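A.B. asks: Model the structure of this input:
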Amino acid sequence: MTMRFSVLASGSTGNAFYIETDKTKLLVDAGLSGKKMDSLFAQVGVDPAKLSGILVTHEHSDHIKGLGIIARKYKLPIYANEKTWKAMEGSIGKIDLDQKFQFDTETVKTFADMDVASFGVSHDAAEPMFYTFHHNGKKVSLVTDLGYVSERIKKTVEDADAYIFEANHDVEMLRMGSYPWNLKRRILGDSGHVSNEDAGLALSDIISNRTKRIYLAHLSQHNNLKDLARMSVDQVLKERGIEIELHDTDPQNATSLYEVG
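C.D. replies: Next comes the predicted model:
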C-alpha cells in the first residue's frame, strides 16, 4: 500500500504531475496539448480514463493548456479554487457543471485513501496553490511557481519523503540573457520563480532523514540547464552538510513511476 508518482512534464513550456495509490489516481495540471498528455500517460503505463480527478494549481497556460481537452475526453472532475476557476474560464472551453469542483486554498481534501492538502504560494496568478499528498504515513510535497519560500510554506512542506521542487533559473544566466528587463524583474521578484540557489537554501531547511528523493522542477528553457541546476542545488546542500541525490525532470518526457517506500 504505497504512493507512486511521476513528473509527467516540467518546465517553462508545460507542466503535469501524476500521483497514485491503490485506490486513487490524480493528475495535477495539464499544461501540454491533449495529444501530448496522452503520450506522457502512455510513457508511464497509466490509463487517463481511470483518473480520479485533475487538481489545478493556477491558470497560467503552461499548467492548463490541455486541461479542458483531457477533462472532456475522459469525463474527469476538475478541482480548483474559486479565483482560479474564474481566471481560467475563457481558456479551457466548456466544462460540464458535474465536472466542476471547488478546492479552497489551505484546506485538505480526501480522495479515497489519499489526503491532499493545498497551500497558497506567492506567484503572479489569481490564487495559486500547490499540494502535499499523504497516504499511509508517507508525504510527497509538490512546490513550484513561487517567488520565494516563506516560513509558512516551509512548515507545510517540511519532512516529506519526496519533493518536486522548483529550481527555475540561474540568476546570472537570467541577468545576462535576452529577456526584456520587465520579464527579468518579474521572474526575480517575490511573485516570480525560485532560483537554483534559493531552491538549495529552502531544501536545506525542510528536508529530513526521511527524505529519500528530490526532483528539481520547472527549469526555465532559456535561463537554466539541468546540470547547472543540479550542481548549484547540490553545492548549497553540501555546504550545509546534506548529501542527497537530486533527480532531473524534463519538459517532454515523464520520469519513471517512483514508489514512495
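
A.B. asks: buried set for stretch 228-243?
C.D. replies: Within stretch 228-243, the residues scored as buried using 16 or more other C-beta atoms under 10 Å are Leu228, Ala229, Arg230, Ser232, Val233, Asp234, Val236, Leu237. C-betas here are computed from N, CA, C, even on glycine.

A.B. asks: Please apply the same query to stretch 129-140.
C.D. replies: Those buried within stretch 129-140 under the rule 16+ other C-beta under 10 Å are Met129, Phe130, Tyr131, Thr132, Phe133, His134, His135, Lys138, Lys139, Val140.

A.B. asks: for that stretch, how far is the first residue from the last?
C.D. replies: End-to-end distance of stretch 129-140 (C-alpha to C-alpha, to the nearest Å): 15 Å.

A.B. asks: who's in contact with the closest residue in space to Ile64 that isn't next to it in sequence?
C.D. replies: Closest residue to Ile64 apart from its sequence neighbours, by C-beta to C-beta, 6 or more residues apart in numbering: Met88 at 5.4 Å. Met88 sits next to Val56, Glu59, Ile64, Leu67, Ala80 when contact means C-beta atoms under 8 Å, 6 or more residues apart in numbering.

A.B. asks: Inside strands: which ones of these?
C.D. replies: Ala80 (DSSP state E).

A.B. asks: Columns neighbour count on top of the contacts of Met88, output as CSV?
C.D. replies: CSV is the format used below for these (neighbours: other C-beta atoms under 10 Å):
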residue, neighbour count
Val56, 23
Glu59, 23
Ile64, 25
Leu67, 28
Ala80, 28
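
A.B. asks: What is the nearest of the contacts of Met88 to Ala30?
C.D. replies: Nearest to Ala30 among the contacts of Met88: Leu67, at 4.4 Å, using C-beta to C-beta.

A.B. asks: Quick check: the gap between the nearest residue to that closest one once chain neighbours are set aside and Ile92.
C.D. replies: Distances taken as C-beta to C-beta, 6+ apart place Ala30 nearest to Leu67, at 4.4 Å, with adjacent residues excluded. Distance, Ala30 to Ile92, by C-beta to C-beta, to the nearest Å: 9 Å.

A.B. asks: Off-centre distance for stretch 200-215?
C.D. replies: Here stretch 200-215 is found 16 Å from its chain centre; the criterion is C-alpha atoms, centre = their mean, to the nearest Å.

A.B. asks: residues making contact with it?
C.D. replies: Residues from elsewhere that reach stretch 200-215, judged by C-beta under 8 Å, 6+ apart: 7, 10, 141, 149, 154, 157-165, 167, 194, 232-237, 240, 242, 244-249, 255, 258, 260-261.

A.B. asks: Right, I'll leave it there.
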